[in-house]
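In: generate a structure from the sequence data that follows.
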Amino acid sequence: QMRLVESGGGLVQAGGSLRLSCAASGSIFSFAVMAWYRQTPGKQRELVATSTRGGSITYLDSVKGRFTASRDNAKNTVYLQMNSLKPEDTAVYYCAADPLRPGARWGQGTQVTVSS
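Out: Sure thing, here's the model as predicted:
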């Protein structure tokens, strides 16, 4: 069963940048959608960005212009470049493959903390 492993989280000051990576143990090309979600305690998981096999990318309104999602099918890795980070971006970030379909895969999450 394919596993997803996120990395790149950490503590950063407001205005800083982080790049999250999500490495898959198998081919991500078989998945139509790769997505990034985030969650803070007491809140529902929030969809941050999606990238499709066909190259379409969508973003949560609050991160548009600051975050960039990409996928490298050859390396079986997806990325989330996060710039101009704000304290409200603090959350655990999760990578997911076909999150709305049976057989969805989820990573274990990586903590992002943005200090003011």
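In: only C-alpha atoms from now on, for both contacts and neighbour counts.
Out: Noted.
In: shaky segments in this structure?
Out: Regions of the chain meeting the criterion pLDDT under 70 are absent.
In: now do the strands in this structure.
Out: Using DSSP state E, the strands found in the chain span residues 4-7, 10-13, 18-24, 33-39, 46-52, 57-59, 67-72, 77-82, 91-97, 105-106, 110-115.
In: looking at those, which is buried most?
Out: Across these, averaging neighbours per residue (mean count of other CA atoms under 10 Å) puts strand 91-97 on top, at a mean of 25.
In: quick one, that one and strand 77-82 angle?
Out: 150 degrees (axes from the mean of the first three to the mean of the last three CA atoms, to 10 degrees).
In: how about residues contacting strand 91-97?
Out: 4-6, 22, 28, 31-40, 104-113 (CA atoms under 8 Å, 6 or more residues apart in numbering).
In: and for stretch 2-14?
Out: Under CA under 8 Å, 6+ apart, the answer for stretch 2-14 is 18-26, 84-87, 94-96, 105-116.
In: what residue is smack in the middle of the chain?
Out: residue 36 (2.9 Å; CA atoms, centre = their mean).
In: was I right about residue 29 contacting residue 73?
Out: Yes. Assessed by CA atoms under 8 Å, residue 29 is found in contact with residue 73 at 5.9 Å.
In: how many other residues sit next to the nearest residue to residue 85 once chain neighbours are set aside?
Out: By the measure of CA to CA, 6 or more residues apart in numbering, the closest residue to residue 85 outside its immediate chain neighbours is residue 15, 4.9 Å from it. By other CA atoms under 10 Å, the residues close to residue 15 number 14.
In: would you mind measuring from residue 33 to residue 104?
Out: Remark: distance between residue 33 and residue 104 (CA to CA, to the nearest Å) = 10 Å.
In: ignore what I typed, I meant residue 116.
Out: 35 Å.
In: more neighbours: which of the two?
Out: Set residue 116 next to residue 104 and count neighbours by other CA under 10 Å: residue 104 wins out with 14 against 11.
In: who's in contact with the more buried one?
Out: Contacts of residue 104 by CA under 8 Å, 6+ apart are 96-98.
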